[in-house]
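**Q** kindly return the folded structure for what I paste below:
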Amino acid sequence: MGNTSPVINPAESQEIYGARYADGYDDRRFTTTEGSFVQAFELDLFRRILREHGARRVLDMPIGTGRVAIPLAKEFEFTGGDISPAMLAEGRARAERAGVDNITWLECSVDDLPFPDGRFDAVVTARLFQHVPKDMGHQIICELSRVVRPGGVVILQFRSGLYGVVLKFLRYYFTKGTGNIRHKCIFPDQVSALFDGHEIIGHYGYKFPVSGRLARVFGMQPMLAVERALSTVPGLRWFGKYKTFVLKRA
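**A** From the prediction side, this is the model:
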């Protein structure tokens, strides 16, 4: 029988994440107070994880406009893949403006990576899983871990379904009218099936309500320190807006 696993439609994805989506992507998301706080926290978190596990060759998938790879490229050897030519073009332009010329950019789909097994020491993926069908989640994670060497790590970012609790449900079911919160976000009961066959060695929750605004009052570094302390507290870490899991390749 043929492979009946769901696949990502490149043409459809490229239409959704085309030039209109890529233009100003970072300005809309990571230049606000809240966005700048998340950017600073994630770069620090990803850097610390990569250092801890001795990573050198890193796949950023999807690389988007390079918001992770460009700031970290001086320390790690990045390959960045993305299904959207428009996002790749924006990323290359940002890298050129930043004077970064050591990132390999490649058009490809996260469910069918053009790399041999064990090619990288680590994979980083951010802002991905809210854009793909949840029933492809485990399949994609398996593909990402395939290209990591034994002992390497896969760093996965999600939106937490418990951030804002009731307000989160109201936003998805009434404001957005989509009703698909369990497809866009991760909940505790979904973890076991999603990461089946993988060892979770790290689990962080961050961007708690108003933490970005408090950073404006008390300063970025003090609030980042507070956020780091809160990010690993069991139970509480589910109430941050974003979650990062670190999986070890067996």
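**Q** going forward, measure contacts between C-alpha atoms and count neighbours the same way
**A** Will do.
**Q** show me where this structure has helices.
**A** 10-16, 19-22, 25-30, 33-52, 69-72, 85-98, 137-146, 166-170, 181-184, 191-194, 211-218, 220-230 (DSSP state H).
**Q** right, and these - which one's nearest residue 155?
**A** Nearest of these to residue 155, taken as Cα to Cα: helix 33-52 at 7.8 Å.
**Q** now do the buried residues in that closest one.
**A** For helix 33-52, burial by neighbour count (16 or more other Cα atoms under 10 Å) applies to 33-39, 41-43, 46-47, 49-50.
**Q** now pLDDT too, for those residues, in TSV please.
**A** Output for the buried residues of helix 33-52, formatted as TSV (pLDDT from 0 to 100):
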residue	pLDDT
33	72
34	81
35	82
36	88
37	91
38	91
39	93
41	95
42	96
43	96
46	98
47	98
49	98
50	98
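**Q** so of those, which two are at opposite extremes in space?
**A** 33 and 50 (26.0 Å).
**Q** before we move on, the earlier item: the helices of the chain: lowest mean pLDDT?
**A** Lowest mean pLDDT of the helices of the chain: helix 166-170, a mean of 54.
**Q** what's around the closest residue to residue 236 other than its chain neighbours, how many residues?
**A** Distances taken as Cα to Cα, 6 or more residues apart in numbering put residue 230 closest to residue 236, at 7.3 Å, once the chain neighbours are dropped. Counted with other Cα atoms under 10 Å, the neighbours of residue 230 add up to 18.
**Q** what angle separates the lengthiest strand in the chain from helix 33-52?
**A** Assignment by DSSP state E gives strand 148-159 as the longest strand of the chain. Going by axes from the mean of the first three to the mean of the last three Cα atoms, to 10 degrees, strand 148-159 is angled at 160 degrees with respect to helix 33-52.
**Q** can I get strand 148-159 in PDB, CA atoms only?
**A** What follows is strand 148-159, C-alpha atoms only, in PDB (Å, rounded to 0.1, in the frame of the first residue of the first chain):
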ATOM      1  CA  VAL A 148      19.900  15.000  14.000                       C
ATOM      2  CA  ARG A 149      22.900  12.900  15.000                       C
ATOM      3  CA  PRO A 150      22.500  10.400  17.800                       C
ATOM      4  CA  GLY A 151      22.800  12.300  21.100                       C
ATOM      5  CA  GLY A 152      21.800  15.600  19.300                       C
ATOM      6  CA  VAL A 153      18.800  17.600  20.300                       C
ATOM      7  CA  VAL A 154      15.600  18.900  18.700                       C
ATOM      8  CA  ILE A 155      14.300  22.200  20.100                       C
ATOM      9  CA  LEU A 156      10.600  22.700  19.500                       C
ATOM     10  CA  GLN A 157       8.500  25.800  20.200                       C
ATOM     11  CA  PHE A 158       4.700  25.800  20.600                       C
ATOM     12  CA  ARG A 159       1.900  28.100  21.800                       C
END
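**Q** no further queries at this time; thank you.
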